[in-house]
Each structure stands twice: as C-alpha cells, then as structure tokens.
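sequence and predicted structure, then a few things I'm wondering about:
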Amino acid sequence: MKLTFLKALGTSAAISLMAASSVWATECIAPANPGGGWDFTCRQIGKILFDIGQVDAPVQVTNMAGAGGGLAFSTVVAERNEDADLIVAASSATTTRLAQKAFGDATADQVRFVGAIGGDPGVIVVAKDSPFQSLTDMVEAIKADPASVAFAGGSAAGGFDHMKPLQVLKAAGFNDITAVKYIGVDGGADAITQTVGGFTQAMTGDMSEIVGFIKSGEVRALAVLTEERVPGFEDIPTAKEQGYDVVAVNWRGLYVPGGISDADFQKWADRLQAVADSDEWKEAMAANGLAPFTKVGGDFQTWIDGVIAETADLSREIGVIQ
Amino acid sequence: MELFSNLALGFGVALSPLTLFLAVVGCFLGTIIGALPGLGPSNGVAILIPITFSLGLDATAALVLLTSVYYGAMYGGRISSILLNIPGDEPAMMTTLDGYPMAKNGRAGDALVISGVASFVGALLATLALALVAPYLARIAYKFGPAEYFALYALAFATLGGMASNNQAKAALASFIGLGIALIGLDNNSGFTRFTGGNLHLSDGVDFLVAIVGLFAVSEVFVFIETHGKSSAVGVKLGKVTVPWKDLWETRWTMLRSSAVGFIAGVLPGAGASLGSFMTYMMEKGIAGENGGFGSGAIKGVAAPEAGNNAAAGGALVPMLTLGVPGSGTTAVLLAVLMTLNITPGPTLFSDRPDVVWGLIASLLIANFVLLAMNVPMVKVFVKILMVPPAVLLPAVTMISFVGIYSLSGSYFDLVLMIAFGVMGYAFRKMDIPTVPVILGILLGYQMENNLRHAMTLSGGEWTYLFSSPIAAVLWIAAFLGFFAPVFLRRYLKKPQLIED
Amino acid sequence: MKTDRIFGVVVILVALTFIVSAYNLPAGNVFDKLGPKAFPIIVGVGMILSAAMLVFKPDTEPDWPAIPTLLALALATVVLVGYAYALKPLGFLVPTAIAAAVLSYQISPKPMPAVLTGLGLSVGLFVIFKFALGLSLFALPRGLMG
C-alpha cells in the first residue's frame, strides 16, 4: 500500500518534470517589467516564432527587471552561458549601457547579438512656434551660442536620446558639445511637454513618442535620423539629406548566450530573419510605430561593435565615463 | 461637444462586463472598509494594491477597482460614525457630531439615508466637475516647467503638513524623513547608488507600497493591541429604514453648497477630504445660526459633512490626475497605484491614455449609483458587518498585508521592512508625528529632486530661477501661507473633539 | 517632553551621517549641475532644522503604554518577523494560523476565540487567495507536497 503510493508519487513527479522540459522549450528574457519595449520584443517575437512554426512550443517570457538590464545580462553570462534555448530582448539601450560600463565589468563580447528586426527612428523636434525651420537653423544657433538651446529627452544624461543631438553637432564640425544643455525627463511625452511649454528649446527622442503630437500639430520635426525618409512620415527630412551624416535608430532585437555553438547561433539568426519577413511582424511594427530596420547575423555583430566604440568615445568626451 | 465624446469613450470602457464587475466589487469592499473602524480609504486601498497587482489586471481595471474602493470607503465611513460614534475614517469625523445624536434619538435609519443621499450628491457632482475641469487644468500644466513643479511639490508638502499636525516642526520633519527615504537606492541620473549602506536589497530603493502598507495597515495592529480593541461607545440599534423625503428636500441647498465647497477644498493640493467635511460643517453651522440645533442631531449637520467629504474626494482626483500631485493621503496611495502601473499622471495622461482617464471617470459615475443602492436600501447588510470584532479584523488585515507584499516581491527583506514601517507608524502616531507626509515624501522625492536638478541645469546653476516665473512665485507664496497660516488660525480651526457620553 | 527630545537628537545624528555620506558623492557636471549630492544635503539640513525644533520646543509627553503593554507590542513584532520568515519554508496554513491566533489573543485575551480566529483566517484566507484570486500560495511546506 505504502510502496504503491510512493511509486505513484515518483512517477507523477517524473511526468511533471518531463512535461516541464518539453513545454518550455524556449525562454525569452525581457530584462524589464511587463509593459516596456523589451517586454514587447519578447512577447511579439515569441508569439510569431510559434505562430509561423519556427519553434514547436509557445515561447515562455520571463521578466527579469533590475539594473537597467544588467541583472539579466550578468545572469545569462554567469548561469546560462551555454543555453541554446534562451533568447534575450535587447535594444540600443543595451549597447549604450555596455559602452558606458553600466553593467559593471560586463562587455559586449560576453554574449552574441543575433540581430535587429525593427527600430524606432531617432527624431529631433521643436515646438510649432520655434524659430528653427531646419536642422541647420538649429545647428547654427548652437554654434553661435551653445547655451541658447537646451534639449529634453527621455533618457538620462549620457543616454541614447542625449547622444542623438550630440552626434549631429559633431557631424556639423562643432566640438564644444559639453556646453550644450540637456535634461533627461521621464519619457518622451514629458520631454515634449517641456518643449511645448518653452522650458527647453528642442526635444530628442524616438519617432513613436512624437506621432500623436505631430498629428495634433503641437510640434514640428526638424529631422529623422535614418538613412531614408520613414514610410508614412515622408514630409520629415532626414538629417543625412540636410548634410549631417547621422543614423540613430532605437533598434529592437535579441542576444543569445555567448557560449552556444556557431550552428545554434545560425539557427537563431535564421529564425529571426523568418520573423522579420513575416506579415505578422510587419503588422506588429505598424501598430507600434516601428520602422523596418533589419540587420541579422554576422553583419549585425560588426555594426554593434562600431556603435559601441562610437558611443564609448562620445561618452568619454562628455565625461560620462572616464 | 468634446466632453460628450470623451464620456462616450469612457462608458465604452466602463461598461465592459469585467470593469462593471470590478466596480461593484470595489464599491462593496470599499463600503465595508469605510464602515469598519480602524480601516479607512487610505489603508483600505493600501492593503488591496499588492493583491490587485498580483491578479494581473490591466491599468484601467486596476484603477477602476481601487477608486471604487476609495469612493466606497468615503460612503461607508459614515455608518460607524452614526451608529457607534466612532468615525469609520477621519473624514467621517464631523458626521459623528450630529449623526450619533440623531441615532440616539431613534432616528438612526433617517441619519443613514440622509447621509447616504448627501454622499451621493457630493460624489456625483464632484465627478461631473472633475470631468469638466480636469481637461482644462491638464492644458494649464503645459505652463509647468521644472521650477514650477518643484514649487508645486513644496506647496503640497506645506499645505498637507500644515493641516496634518498640531506642530509644524513635526509635519516638516515627517516630510524630510519621507524625502530622505526616497533618496535611498540607485540615482538614475548619475548611476551612483546612495545611502544603501552596501545592502543589495536597497539598491533599487524602498518600494513605496511596502512603506504605505506598513505605515497605514500594520501600524494599526499595534494600536489595537495597545487598546485591546476597546471602544467606549455603545452601538445604537438600527430599526426599520425608510426614506425621509421631507428631510431630504429640506437639505437640498445644504447638499449643493457643501458639494461645491467640498470640491474646491479637495482640488487644493494637500487639503483633502477631512478639510472638506470640516469646512462644510462649519459653514452650514454658521448659516443655520444658534437655532439650527447643530450638535444635537440636526439633519443638515449630517448632510453637510457627507456631501462635503465625498465631493472633496472627487476634487482631490483633479490635481492627482492632471499634475501628479496628490491632494490627500488616499490620493497619494492612488498615485502610487498609477506609478506602479507605469502611468505618468500629468497633462499627457489625457492625450496619451484617454481610455484610462475617461474610463475611470465613467466608472466613478457608475460606481456612485451602485453605492447609492448599497448604502441606502442595502445599508443593513453593512451594519451587520460592523459587528466583526477587532480581534478578528486586525489579524486578517495583517495577514492580507503580508500575502499582498509577499506575492508582489517574494522577498523576506520587504516583509521585514514593512514591519519596521509598521513600528515606525505606531511610534509616530504616539508622538503626534503625521505619517501622510512621510508617504508623500517617498512618493514625490524622486520627482522633486529631478525637477530641482533640471531647473538648475537649465538655469546654469542660478538659484533665483526657482522663483523667476509668476506661476512659481505664486506657488511659493501659497506654500508659505499654507504652512504657517494654520499656526495662527489654529485657535479657530481647532478640530472639535468627539462628544462624550 | 523627553520623547521628543530624544527622537530629535536621534534624527539629528541620522541626518548627520546622511549628509556625510552625501558629501562623498561626486559633484555635478554641465548636464547635471547639482549632481547626486545637493538634494540629499538639503534634505539632511531640513531634517536637522526641524528635529532641532523638537529638541528646543518639545510637545507634552505622549502617553506611552505601561511596560507590560510595551512587552506585548515587542512580542507582536517578534511574531510578525517570525511570520515573515516562516511563510516560504513552512507554507501558508500553519504560520498564518499561529500568527493570527497570537495577534488575536493580544487584542482580546480570550484563548478559544483566538484559536478559532487563527484557524478560520488561515483556512479562509487561503481559500480566497488561492482559489478566488489565483495567487500561487503553498498550503504546506513544499517538501511535504512532493
């Protein structure tokens, strides 16, 4: 009697273990609380991977918030370095923080960046009654008096939003970038409110943050920081066509543990490419204000290395890192 | 008209079965929470927040549930005021003055109905006023830069602190302690960790929910252990409840006047519902004169404070939603809800999340009718619940608090921190140090520091920038007056004590 | 009198360590004029000023409970801390029953109702949390549940 009971217990435990390992074949870590961009990346990519048959079980999404993504990064490096069934949501914030050593001693080469399959284009906007009609107007005004234009953005000083106007100014040959004022507020909407209210002269942020305000006519976009004009917003000129060769896109993508085999890495690159090509992803991008921005596999790693080097140089120059 | 399309959007959200269900549940729970002595809107909402989040409700649903509890508690507070002579919560204090004498004269049913209808009138008018006023105020908020926000926060601390305690120094100290706690943890701007003493648990800061539940709910247990839950007052029996139409008609102007005054008192940052009921009671007492019979069971003395405090509860939502500055202890708790849901109150809330704002307003309108039904025809149900002894109630509150916080963070450290806040809340209450400014400090500390830092960055380090705009200057003057005026007015503003048997 | 004075002095000491700790933080730069140290120092000074008011102009002494009641409060605190640590390893039911019974007895010293309150709350709340609200609680120590 007793023995059968124990046996039954053992069997059921074994079954539940097996069930556990097959149901959660793939895990996607969103290094933030539910509701943000990384959470979106995991949930959308995870869902589409299953819907288009790239994985045979639904992808489990784990939220691991902490240290701006640093907790997830160090956990992956230290504990799951060879887990081929693990993907982690990443974006420009990940590389900016890596470049600025915000994750402690962690470096970008400890993981492998699979690719980006969409992005939120960087923009620079002013209030509708601003005297600046073009990016050049603004750059000239800053050259004449660096303290005359203050920027507001949704990231902290030294963050991605702060870097965008500085990159433009560098491209314009202006090097006294530490004289340009910037305040980092709580998100793009707040930054626009400050700019519309006249407390700052310009807002730097992502396209998705300004869509509503562009439509209501409260702000005017001076430039979008992409290679080409963004579909649906063809009247906003790129910085490039105004003579400032700057591309800054808040990309959405994935990294995987650094210790997995090249074959496994290639498998993820192929899967991600399949997601990028799917109609489901195109719909999800349109619904969330993302523009196409696909770089997958080896090219992406090279591009990432370049971005990190550039961010690190700029950060050193403005004193965010030593 | 824009208002109607907005309200239509709101009702579209609010009339979904789930939202409707949550509003009814919230009203029911709220009325119980308000009626039970020892539980009021702020600690009632506080213990429910963690549970609500563990349920995984979306922003609108969570907000509807918790604000229904908030409105329900404002209604329910009067029940124990009238029947037990113990205010169910602080704003219901003024209702004891005439409600209990009425009950002793055998008119408990009438008092409950009149106060219930007055609550309905006050809350309904205030919710409508909220729908009318808030969008305009939201537009004014474009005129608020870092300097103005910093002054506004100072005003909130000054008026709340000025009213909350009998000793300005203690109110100020409580605010600074709250601000100090808010500074613990990682500083987002510089990336430096501050005041953690190397403790990793503290590097993400002190969770304000832990502080709120500790200060408001756990501390209550200690108070009841000290007093052994003894309440000197004797309950009054409730007979048959009928609707006294004549009395209701007689108090119609009282209800309308009190709603208006209460709403304005609620909108002022930091003033809140207690001030609303106090001001309206004193106003009606003045209008009625010596022959009004105030204090010995006047029907207007029941109608005025209930219309006033419910209107103030609606009014207090205005600064909370449009500027992110809570007008009372409970709206501070609701602000914590919004912040946890990743919703930034302020002008952009109305354009970014109209579903949240208008869904909330529509739900409040619906909740009012639900509450009228619960608090007039069904009032006897809640009277029965009043009989729950503290020896059962308080342990239950404690266990709910523990499970709530534990299911949210899963950390022993947070539970122990919550107990520490409970002990602190008890000691502060003994020493007459108000706890609401502590909460306000923890909630607003991050914003206040950021706005100060932004203001200084924009001005290039020029301190006069803080006072340079007309709005900022007016806010600073109001803060100064709000903090020091009660010192001189205290003789006149002295809160009447509970009448003794 | 005494309480306010003692509390005031304690706050001043805490505020001083707060300020010292803030002084060791880096100063601001052009993007953040004040840096992480200025506001904490302002708050610390505010604490010291308002605490000093308490030391110099204390209110009348609060009526602290007598020693036995203070001991009861201390016991309640110990029970709560114990409860916090017991919740995970021992499951929900047993620690909740014990803690609730002790608190109930402390509020109203009648043994039978207290025990019943403990049992009732433990089972009742478990049912509500687990089945009505769907929280993941464990009734008993996880080791026993296979």
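Received it, and whenever you're ready, just let me know what you need.

how many neighbours does A:Glu241 have?
Under the neighbour criterion other CB atoms under 10 Å in any protein chain shown, A:Glu241 is assigned a count of 11. The C-beta positions use only the backbone N, C-alpha and C, and glycine is treated the same way.

what's the answer for C:Thr117, then?
Neighbourhood size, C:Thr117 [other CB under 10 Å]: 26.

mind checking which helix or strand residue 89 is in?
Using chain A. Secondary-structure element containing A:Ala89, defined by DSSP states H and E: strand A:86-91.

that's the wrong chain, I wanted chain C
When elements are assigned from DSSP H and E, C:Pro89 belongs to helix C:67-90.

hmm, back to that, between strand A:86-91 and the very next helix or strand once past the strand holding A:Ala89, find me the angle.
Counting by DSSP H and E, the next helix or strand C-terminal to strand A:86-91 is helix A:92-99. Following axes from the mean of the first three to the mean of the last three CA atoms, to 10 degrees, one obtains 90 degrees for the angle between helix A:92-99 and strand A:86-91.

so how far is the helix or strand just after helix A:92-99 from its chain's centroid?
Scanning forward in sequence from helix A:92-99, with DSSP H and E defining helices and strands, the next element found is strand A:111-127. The chain centroid and the centroid of strand A:111-127 are separated by 5 Å, computed with CA atoms, centre = their mean, to the nearest Å.

and what of stretch B:85-98?
For stretch B:85-98, the separation from the chain centroid amounts to 15 Å (computed by CA atoms, centre = their mean).

now it - C-alpha only, CSV.
Written as CSV, here are the backbone C-alpha positions of stretch B:85-98 (Å, rounded to 0.1, in the frame of the first residue of the first chain):
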residue,chain,number,x,y,z
ASN,B,85,-20.0,57.4,17.5
ILE,B,86,-16.6,56.2,16.1
PRO,B,87,-15.7,57.7,12.7
GLY,B,88,-15.0,54.8,10.3
ASP,B,89,-12.3,57.1,8.9
GLU,B,90,-11.0,60.5,9.5
PRO,B,91,-13.2,62.5,7.0
ALA,B,92,-16.3,61.0,8.7
MET,B,93,-15.4,62.5,12.0
MET,B,94,-17.7,65.5,11.6
THR,B,95,-20.6,63.2,10.8
THR,B,96,-20.4,61.9,14.4
LEU,B,97,-21.4,65.4,15.7
ASP,B,98,-25.0,65.2,14.6
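
list phi and psi for the most centrally placed residue in chain B.
When CA atoms, centre = their mean is applied to chain B, the residue found nearest the centroid is B:Thr330 (2.5 Å). Phi and psi for B:Thr330, reported as degrees, to the nearest 10, are phi -70, psi -40.

local confidence estimate at it?
In the prediction, the pLDDT value recorded for B:Thr330 is 78.

isn't it up against B:Gly314?
No. With contact taken as CB atoms under 8 Å, B:Thr330 and B:Gly314 are classed as non-touching, separated by 11.8 Å.

dump the residue contacts of B:Ile212.
Residues in contact with B:Ile212 (CB atoms under 8 Å, 6 or more residues apart in numbering or on different chains) are B:46, B:49, B:333, B:336, B:439.

using CSV, lay out those residues together with distance to B:Ile212.
Rendered in CSV, the data for these read as follows (distance: CB to CB, whole Å):
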residue, distance to B:Ile212
B:Ala46, 5
B:Ile49, 8
B:Val333, 6
B:Ala336, 6
B:Ile439, 6
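
quick check, A:Trp251 in a strand?
Yes. Assigned with DSSP: H, G, I helix; E, B strand; the rest coil, A:Trp251 falls within a strand.

which residues does it form beta bridges with?
Residues in a beta bridge with A:Trp251, per DSSP bridges, are A:Gly119.

if I look at it, how far off is A:Gly158?
For A:Trp251, the distance to A:Gly158 under the criterion CB to CB, to the nearest Å works out to 19 Å.

for the helix holding C:Pro89, give me every contacting residue.
Identification of contacts with helix C:67-90 by CB under 8 Å, 6+ apart yields B:218, B:221-222, B:225-226, B:398, B:402, B:406, B:412, B:415-416, B:419, B:422-423, B:426, C:64-65, C:94-96, C:98-99, C:102-103, C:106, C:140-141.

so which elements touch the helix or strand just after that helix?
Next in sequence after helix C:67-90, counting helices and strands by DSSP H and E, comes helix C:93-107. For helix C:93-107, the helices and strands in contact under the criterion 3 or more CB pairs under 8 Å, 6 or more residues apart in numbering or on different chains; DSSP states H and E are helix B:219-227, helix B:390-409, helix C:67-90, helix C:111-127.

who does the strand holding A:Ala89 touch, helix- and strand-wise?
Taking 3+ CB pairs under 8 Å, 6+ apart as the contact cut, strand A:86-91 packs with strand A:27-30, helix A:37-51, helix A:70-79, strand A:111-127, strand A:249-257.

which strands and helices sit next to the shortest one?
In this structure, strand A:27-30 packs against helix A:37-51, strand A:60-63, helix A:70-79, strand A:86-91, with contacts taken as 3+ CB pairs under 8 Å, 6+ apart.

same thing but 10 Å
For strand A:27-30, the helices and strands in contact under the criterion 3 or more CB pairs under 10 Å, 6 or more residues apart in numbering or on different chains; DSSP states H and E are helix A:37-51, strand A:60-63, helix A:70-79, strand A:86-91, strand A:249-257.

distance check, the residue positioned nearest the centre of chain C against C:Ala51.
The residue at the geometric middle of chain C, judged as the C-alpha nearest the mean C-alpha position with CA atoms, centre = their mean, is C:Thr77 (8.3 Å). Relative to C:Ala51, C:Thr77 is positioned 25 Å away (criterion: CB to CB).

how about A:Ala263?
66 Å.

these two: who's more crowded?
A direct count of neighbours by other CB under 10 Å for A:Ala263 and C:Ala51 places C:Ala51 higher, at 27 against 8.
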